[in-house]
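1. Everything below, folded, please.
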Amino acid sequence: MPEQKKPATPKLSDVIAYVLAIKGEWGRIDVHETYDSKADALGECLAEFEYKHGELLNSRACFRKVGDRFVQSNIDELLEKEVQLISIVGGWSRCDYNLVLVAT
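-> Numbers count the residues shown, from 1 in each chain. As a prediction, the model looks like this:
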């Protein structure tokens, strides 16, 4: 039996493009650093995107505490990172996506 390959892990930019291709939706895409399955809790927010009917309305890089200072995420760097987990909440037309990036 041939070895089965794992599907390619999408980059954040690919996931955002996929969501924007669904013209009838609106909502948010939140990007998180980690997910704790035992606590069912998302880690720190790295970036937030708001979209509506195929258009990205705005994006915001989140601040996170590193040592004793706060550092803002670099959205351009995040767009190149791979997504390991996608959670979708919503229905008829509003869909909010919570994404967790692959740890590096």
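
2. from here on, contacts and neighbour counts on C-alpha atoms
-> Noted.

3. E77: neighbouring residues, count only.
-> Using other Cα atoms under 10 Å, E77 has 9 neighbouring residues.

4. oh sorry, the question was meant for A17
-> Applying the criterion other Cα under 10 Å, we find 14 residues in the vicinity of A17.

5. Also F63?
-> Using other Cα under 10 Å as the criterion, F63 is surrounded by 16 other residues.

6. Local confidence estimate at the nearest residue to it once chain neighbours are set aside?
-> Distances taken as Cα to Cα, 6 or more residues apart in numbering place Q72 nearest to F63, at 4.3 Å, with adjacent residues excluded. Per-residue confidence at Q72 stands at 93 (pLDDT).

7. try L42
-> In this prediction, L42 carries a pLDDT score of 91.

8. Could you report the distance from the closest residue in space to it that isn't next to it in sequence to K81?
-> Nearest residue to L42 in three dimensions, chain neighbours excluded: Y35, at 4.5 Å (Cα to Cα, 6+ apart). Between Y35 and K81 the distance, using Cα to Cα, to the nearest Å, works out to 16 Å.

9. List the beta-bridge partners for V100.
-> On DSSP bridges, the residues paired with V100 through beta bridges are H32, L85.

10. OK, contacts around it?
-> By Cα atoms under 8 Å, 6 or more residues apart in numbering, the contact set of V100 is 31-35, 42, 83-86.
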